[in-house]
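Asks: structure of the sequence below:
(one chain, ligands or ions: 2)
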Amino acid sequence: MKCPRCQHENPAGVKFCGACGTRLEVPCPACQAANPPTNRFCHECGQVLTVAVEPVQAAEPTRPLGGPQAALRIPPKPNAVSSR
Ligand SMILES: [Zn+2]
Ligand SMILES: [Zn+2]
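Replies: Ligands and ions are numbered 1, 2, ... in the order given. Okay, here's the model as predicted:
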């Protein structure tokens, strides 16, 4: 396998270039098959090879306005208790 960066000829099966350290194979996230970095899809199962794409984090749940004290509802005290 030829290195895409330095054109160094590496033996088949290697994952990194022996000359410059460039990654030569990208493991498929689905089937773990080694794909060349030029592949956009896995040549084994067709899974999209998302290289250098950070997962989008889910947005944090919005807190209710007013702070944590607003969530604590104090029940109203009964005013008329002792009136016979
Ligand atoms: Zn190289
Ligand atoms: Zn695959």
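
Asks: what residues does this protein have near ligand 1?
Replies: 3, 5, 6, 8, 17, 19, 20, 22 (C-beta under 5 Å from the ion). Placement of C-beta: from N, CA and C, glycine included.

Asks: just the buried residues of stretch 40-49, please?
Replies: 42, 49 (16 or more other C-beta atoms under 10 Å).

Asks: so residue 9 sits against residue 17, correct?
Replies: No: counting by C-beta atoms under 8 Å, residue 9 sits too far from residue 17 to count as a contact (9.7 Å).

Asks: for these two, list the residues in contact with both.
Replies: Common contact partners of residue 9 and residue 17 (C-beta atoms under 8 Å, 6 or more residues apart in numbering): residue 3.

Asks: who's more crowded, the two?
Replies: residue 17 (20 against 11; other C-beta atoms under 10 Å).

Asks: at the contact with ligand 2, which residues of this protein appear?
Replies: So far as C-beta under 5 Å from the ion goes, the chain lies against ligand 2 at 28, 30, 31, 33, 42, 44, 45, 47.

Asks: 8 Å - rerun?
Replies: Within the chain, the positions near ligand 2 by C-beta under 8 Å from the ion are 28-33, 35, 42-47.

Asks: and which of these is nearest to residue 73?
Replies: Distance to residue 73, by C-beta to C-beta, is smallest for residue 29 among these, at 46.7 Å.

Asks: okay but the closest one is in contact with residue 50, surely?
Replies: Yes: counting by C-beta under 8 Å, residue 29 does reach residue 50; the two are 7.4 Å apart.
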